[in-house]
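Colleague: just to be clear, the model below is a prediction. Sequence and coordinates:
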Amino acid sequence: MHLNQGLLSQYWTWLSGLFTGKLGASLANGQPVWGLAEPRLINSAVLVLVTGVIGTVVGVALGAIAALRKDSWFDHVTSVVALAVTSLPEFIVAIGLIILFSTVVLHLLPAVSLLPPGVYAWSQPELLILPVATLVIVIVPYIFRMMRAAMIEALESDYVEMARLKGVPEWRIVLGHALPNSIAPTIQVIGLNFLYLAGGVVVVEYVFNYPGIGQGLVFAVSNRDIPVIQFIVVVLAAFYVCVNIGSDVIALLATPRRRIPR
């Protein structure tokens, strides 16, 4: 690891190797870092992408329905459930789903998500159900609450009131006025949830023994495998930066009031 050199020289050696693909070898087994991390990165990307898409659709849909039925029984029930689920950590939700669907109550799904070496997650989609369900349950309440609040604010705005006075149909008001102005602040929360998934997969992958980047990070820390830890941390940091920038740009593009007319 070039520990016999100065600090700047050590850092330059590691940084230049990062950009040239020379990531070093694992201290635990001597295998190349990229060879160990590549399949885990792909498996975690599948888990995060599937969870993000399902959680976004469910959260936005439930939030919009709750806003349209403000103060109804559906609004009250979903709001209370979302607030209760927000207080639950990932491993509690994961263990509860394992007890419900895999061990004590029902035996429908595998309790662990073991994948043979060289096999990716999409080859055995049933192994993704419980990890995805756990993360979806955790992130949906945040998206739901933001979408509901933004939608209620949009429906009570002056331009929606003016559209109603003009006799515009309610479905057109919702789809053409309220929803576009509600989705922009919700995009920020969706981006934050994708960032949360980068850390949340660590716990969930460890609970389900899912061979992803989170489980790899736990094993690397346990084995004091410095090169693997460095690479995984850099990947997570780059993911944070890219998602932050992407969510800000998409939120700006999705805001009707901030679009510059041609």
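Modeller: Structure's in. What do you need? These numbers were taken from a predicted model, which means no experiment stands behind them.

Colleague: where are the low-confidence patches of the chain?
Modeller: 117-119, 256-262 (pLDDT under 70).

Colleague: all strands for it, in order.
Modeller: For the chain, strands defined by DSSP state E do not occur.

Colleague: ok, longest helix in it?
Modeller: Secondary structure of the chain per DSSP state H: the longest helix is helix 33-68.

Colleague: in that helix, what's buried?
Modeller: Within helix 33-68, the residues scored as buried using 16 or more other CB atoms under 10 Å are 33, 36-37, 39-44, 46-48, 50-52, 54-56, 58-60, 62-68. From N, CA and C alone the C-beta is placed, and that goes for glycine too.

Colleague: tell me the helices and strands packed up against it.
Modeller: Under the contact criterion of 3 or more CB pairs under 8 Å, 6 or more residues apart in numbering; DSSP states H and E, helix 33-68 touches helix 73-86, helix 129-155, helix 179-208, helix 213-222, helix 226-254.

Colleague: just how off-centre is that helix within its chain?
Modeller: Helix 33-68 sits 5 Å away from the centroid of its parent chain (CA atoms, centre = their mean, to the nearest Å).

Colleague: so which of the helices and strands packed on helix 33-68 is the most packed in?
Modeller: Highest mean neighbour count of the helices and strands packed on helix 33-68: helix 129-155, a mean of 22 (counted as mean count of other CB atoms under 10 Å).

Colleague: relative to helix 33-68, how tilted is that one?
Modeller: Per axes from the mean of the first three to the mean of the last three CA atoms, to 10 degrees, the angle that helix 129-155 makes with helix 33-68 is 40 degrees.

Colleague: could you check the angle helix 129-155 makes with helix 73-86?
Modeller: Relative orientation of helix 129-155 versus helix 73-86 (the same axes, to 10 degrees): 130 degrees.

Colleague: how close does V140 get to V105?
Modeller: Going from V140 to V105 by CB to CB, to the nearest Å gives 22 Å.

Colleague: go on, I183?
Modeller: From I183 to V105 the distance is 38 Å (CB to CB).

Colleague: same check on V138?
Modeller: According to CB to CB, V138 and V105 sit 21 Å apart.

Colleague: also A254?
Modeller: In terms of CB to CB, A254 sits 42 Å off from V105.

Colleague: equivalent analysis for V174, please.
Modeller: The value you get for V174 to V105, if CB to CB is used, is 39 Å.

Colleague: ok, now Q5?
Modeller: Look at Q5 and V105: by CB to CB, they are 58 Å apart.

Colleague: looking at V174 and V105, which is more packed in?
Modeller: Using other CB atoms under 10 Å, the more surrounded residue of V174 and V105 is V174, with 18 against 9.

Colleague: residues touching that one, list them.
Modeller: V174 is in contact with 64, 68, 155, counting by CB atoms under 8 Å, 6 or more residues apart in numbering.

Colleague: try V189
Modeller: By CB under 8 Å, 6+ apart, V189 lies in contact with 142-143, 146.

Colleague: what's the closest non-adjacent residue to M146?
Modeller: Distance criterion CB to CB, 6 or more residues apart in numbering; nearest residue to M146, sequence neighbours excluded, is V189 at 4.3 Å.

Colleague: separation between the one you found and P131?
Modeller: 22 Å.

Colleague: just I190 next, same as before
Modeller: Distance of I190 to P131, computed by CB to CB: 19 Å.

Colleague: what does P32 give?
Modeller: 27 Å.

Colleague: which ones are touching the residue nearest to I54 when sequence neighbours are not counted?
Modeller: Leaving aside its chain neighbours, I54 sits nearest to V136 (5.3 Å; criterion: CB to CB, 6+ apart). Contacts for V136 (CB under 8 Å, 6+ apart) come out as 51, 54-55, 58.
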